[in-house]
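A.B. asks: Structure for this input, please:
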Amino acid sequence: MYRSDDFRFGFRVLGDCRQPRRVVDAGAALTAYAACHARCELDRESYLSAFCFDAGFRRHLDGTNSTAGYHGPCWASWLWWDVDAPDGELSTVREPLRRLIVAVVDGLQTDEDDLLVFLSGSKGFHVGIPTALWSPEPGRDFHRIVRRFAETVAERAGVDIDNGVYDRVRCWRAPNSRHPKTGLHKRRLTVDEASHLSTEALLTLAKKPEPLELPKPTARSEPASRLWAEVAGQVRSEAEAKAALPNGGTGPVRLNRGTLEYIRNGAATGDRHRLLYSAAADLAGAGASLGLCDALLSEAGLDCGLPPTDVRRAVENGWTSVQPQVRDACEAVNGKVVTVHSGPTEATTEGGAA
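C.D. replies: Below you'll find the predicted structure:
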């Protein structure tokens with residue numbers, strides 16, 4: 001069992017993300033950027049690691065001069081959401097930002113003062129909560145559990161987030177640092193400012209850095225603790241299912257090459273729904289249960305950028321297309337009746353394409 005106290009190390013990147021990673025004390029580095037310390041060089045682009053690491057990571061980075069190939073445990077003192085404007089217009093994500101803040105404050109029963117809300121310096125916002133609210137343990141799958149936790153909260157709020165920011169060794173723009181293209185700083189906002197100030201006023205605030213005090217929560221969030229336990233169980237089940245490939249312990253199973261490729265590498269935009277549906281149908285034909293299909297395919301689907309609801313729908317439709325007893329029962333998915341077409345790679349729900 002890992003102890004969070006041992007996860008003191010992170011890395012810093014000064015300049016763009018192609019620059020070297022340098023080991024830092026993660027907590028001290030975050031505090032320095034929050035305080036606008038001169039050594040942080042806030043007029044430059046800079047990043048800190050999104051996660052923290054133990055001494056094994058330091059040995060890896062010292063020995064290789066790279067974070068590539070590191071597959072050890074990680075942890076984080078903050079859990080983040082990244083809400084970006086797909087059209088580049090900051091005003092279009094103001095309402096989703098408000099909904100996400102409400103979902104975090106009300107849904108997880110947290111105090112507004114415990115949140116960190118930042119204008120990212122470019123086309124979106126970062127929202128963070130301290131993990132001290134529920135004290136999760138470090139682990140090799142910690143970053144995957146963080147992702148599932150963040151996606152679940154965002155889905156409840158009806159908000160699209162960037163779910164590609166949860167890599168174990170992800171660079172995360174440092175507080176108060178300057179964006180090289182816009183010239184704006186990653187500026188902390190109060191919940192009231194984020195919710196009610198005009199976009200123009202927010203951009204004006206971001207023209208200069210501003211010291212901030214990192215919140216130190218005193219209460220515990222039981223909803224956050226329960227959600228963490230729930231999604232951690234899901235991630236563990238998926239990992240166990242993947243470890244069982246290719247035969248699931250019952251003898252040889254012949255899967256289409258495309259199915260194995262999807263599990264390993266996902267699919268490109270344009271093929272994501274179709275190939276996910278096909279992979280679920282292929283697994284069902286090999287005798288896999290719906291739960292096993294979900295465990296094997298969900299992470300790959302999410303990695304492709306599909307929303308969780310789309311992933312579940314495609315998996316369920318693909319599986320039911322090969323399971324007549326389930327297909328004939330016309331199970332309800334998210335309150336909609338499933339309609340499965342006779343074609344090998346097509347499935348829809350009432351009201352639209354999957």
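A.B. asks: For the stretch 1-150 of the chain, which segments are assigned as strands?
C.D. replies: 9-14, 22-25, 46-49, 78-84, 116-119, 124-130 (DSSP state E, counting those that start in this stretch).
A.B. asks: Tell me which of those strands sits nearest to residue 198.
C.D. replies: strand 116-119 (12.6 Å; C-beta to C-beta). From N, CA and C alone the C-beta is placed, and that goes for glycine too.
A.B. asks: Same question for stretch 204-211: list its buried residues.
C.D. replies: The neighbour-count check on stretch 204-211 (16 or more other C-beta atoms under 10 Å) flags 205-206, 209 as buried.
A.B. asks: Any idea how far apart the tips of it sit?
C.D. replies: 16 Å (C-alpha to C-alpha, to the nearest Å).
A.B. asks: again with stretch 81-90
C.D. replies: Stretch 81-90: ends 16 Å apart by C-alpha to C-alpha.
A.B. asks: tell me which residues in it are buried?
C.D. replies: Neighbour-count burial for stretch 81-90 flags 81-85, 90 (criterion: 16+ other C-beta under 10 Å).
A.B. asks: Of these, which is the nearest to residue 146?
C.D. replies: For those, the closest approach to residue 146 (C-beta to C-beta) belongs to residue 81, at 10.3 Å.
A.B. asks: Just give the nearest non-adjacent residue to that closest one, would you?
C.D. replies: For residue 81, ignoring the flanking residues on the chain, the nearest one in space by C-beta to C-beta, 6 or more residues apart in numbering is residue 127 at 4.6 Å.
A.B. asks: I figured that neighbour hits residue 114, correct?
C.D. replies: No - with contact defined as C-beta atoms under 8 Å, residue 127 does not count as touching residue 114 (11.4 Å).
A.B. asks: on that earlier part again, nearest to residue 315 among the strands of the stretch 1-150 of the chain would be which one?
C.D. replies: strand 78-84 (24.5 Å).
A.B. asks: show me what contacts the residue nearest to residue 81?
C.D. replies: Contacts for residue 127 (C-beta atoms under 8 Å, 6 or more residues apart in numbering) come out as 80-81, 83, 97, 100-101, 104, 115-118.
A.B. asks: Now distance to residue 215 too, for these, in a markdown table please.
C.D. replies: Formatted as a markdown table, the contacts of residue 127 follow (distance: C-beta to C-beta, whole Å):
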| residue | distance to residue 215 |
| --- | --- |
| 80 | 14 |
| 81 | 16 |
| 83 | 19 |
| 97 | 18 |
| 100 | 17 |
| 101 | 14 |
| 104 | 13 |
| 115 | 7 |
| 116 | 7 |
| 117 | 11 |
| 118 | 13 |
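A.B. asks: Tell me the one of these nearest residue 48?
C.D. replies: Nearest to residue 48 among the contacts of residue 127, with distances taken as C-beta to C-beta, is residue 80, at 11.3 Å.
A.B. asks: Now do the closest one, the pLDDT please.
C.D. replies: Predicted confidence (pLDDT) for residue 80: 97.
A.B. asks: Same check on residue 88?
C.D. replies: 79.
A.B. asks: how close does it sit to residue 181?
C.D. replies: 11 Å (C-beta to C-beta, to the nearest Å).
A.B. asks: OK, contacts around residue 125?
C.D. replies: Counting by C-beta under 8 Å, 6+ apart, residue 125 has contacts 82-83, 93, 97, 117-119, 189, 194.
A.B. asks: between those, which has the most around it?
C.D. replies: Counting neighbours by other C-beta atoms under 10 Å, residue 119 leads those with 25 neighbours.
A.B. asks: Pull the contacting residues for residue 92.
C.D. replies: Residue 92 makes contact with 85-86, according to C-beta under 8 Å, 6+ apart.
A.B. asks: before we move on, the earlier item: list the ones among the buried residues of stretch 204-211 that fall in strands.
C.D. replies: Counting by DSSP state E, the buried residues of stretch 204-211 place none of their members in strands.
A.B. asks: which ones among these are found in helices?
C.D. replies: Taking DSSP state H as the definition of helices, those contribute residue 205.
A.B. asks: What residue, apart from its backbone neighbours, is nearest residue 116 spatially?
C.D. replies: Distances taken as C-beta to C-beta, 6+ apart place residue 128 nearest to residue 116, at 4.2 Å, with adjacent residues excluded.
A.B. asks: what's the burial count for the one you found?
C.D. replies: Residue 128: 22 neighbours (other C-beta under 10 Å).
A.B. asks: So it sits against residue 76, correct?
C.D. replies: No - taking contacts as C-beta under 8 Å, residue 128 lies outside contact range of residue 76: 9.5 Å.
A.B. asks: Now residue 108: phi and psi?
C.D. replies: Dihedral pair for residue 108: phi -100, psi 0, per degrees, to the nearest 10.
A.B. asks: check contacts around it.
C.D. replies: 129, 133, 153, 221, 223-224, 227.
A.B. asks: Distance to residue 254 and pLDDT added to these, as TSV?
C.D. replies: Output for the contacts of residue 108, formatted as TSV (distance: C-beta to C-beta, whole Å; pLDDT from 0 to 100):
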residue	distance to residue 254	pLDDT
129	46	97
133	47	97
153	39	97
221	47	97
223	44	97
224	43	98
227	38	97
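A.B. asks: Tell me the spacing between residue 179 and residue 20.
C.D. replies: Look at residue 179 and residue 20: by C-beta to C-beta, they are 20 Å apart.
A.B. asks: higher neighbour count, the two?
C.D. replies: residue 179 (17 against 12).
A.B. asks: tell me the contacts of the more buried one?
C.D. replies: Here residue 179 is in contact with 45, 120-122, 173, 185-186 (C-beta under 8 Å, 6+ apart).
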